[in-house]
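# I would like the atomic coordinates for the input below:
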Amino acid sequence: MSVSVLDTYVESIERIQPNQANNYGNTHGGEVVRLMDELAAVAAMTVASETCVTAHIGSVDFRNPIPVGHVAELSAYVHETGTSSLEVRVDVESRDPREEGTTPTTAACFTMVAVDQDGTSVEVPPVVPETDRGERLVEEAPC
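Numbers count the residues shown, from 1 in each chain. Prediction:
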């Protein structure tokens, strides 16, 4: 049985606090990657119905900073699966919550692996686009 790409699409919002920032008042890059990794796991688990762990992070592209007080809006979805692996695209945008509009900040592709309670990899179902939007997401996915 397959899973729709759109059914794997998840979003998260995080307000950036001073303890998440560097000396310049912007979010630490490692903090952004941590948030991305957590959301990638959630997207992957919606397909696998098992715990998913990070096996690889592709190129992480930091385009713009996320200042303290802004919100980081994250989105992630599974665009491809292997036997036990799941390819997840994660994008981050920054937004001042008092204003309209967002700024793209970060993007990366994560390879997650589904594992059972013993940490042994398990098979996952395939993901399929099913809709025009799903097809666009799959086309846009490679980092």
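# got the residue ranges for the helices in this protein?
29-48, 132-140 (DSSP state H).
# which elements pack onto the longest one?
What that stands for is helix 29-48. Identification of packing neighbours for helix 29-48 by 3 or more C-beta pairs under 8 Å, 6 or more residues apart in numbering; DSSP states H and E yields strand 10-15, strand 51-57, strand 71-81, strand 85-95, strand 103-115. Bear in mind the C-beta positions are built from the backbone N, C-alpha and C, glycine included.
# closest to residue 138 out of the ones you listed?
Ranking the helices and strands packed on helix 29-48 by distance to residue 138, with C-beta to C-beta as the measure, places strand 71-81 first at 4.9 Å.
# mean confidence for the closest one?
The pLDDT scores in strand 71-81 average 97.
# do the same with stretch 35-49
Average pLDDT, stretch 35-49: 98.
# about what we covered before: most packed of the helices of the chain?
Highest mean neighbour count of those: helix 29-48, a mean of 20 (counted as mean count of other C-beta atoms under 10 Å).
# ok, what's across the strand from the residue nearest in space to the middle of the chain?
What sits nearest the mean C-alpha location of the chain, by C-alpha atoms, centre = their mean, is residue 90, with 3.1 Å. Counting by DSSP bridges, residue 90 is bridged to residue 76, residue 108.
# tell me the contacts of it?
36, 39, 40, 43, 74, 75, 76, 107, 108, 109, 110 (C-beta atoms under 8 Å, 6 or more residues apart in numbering).
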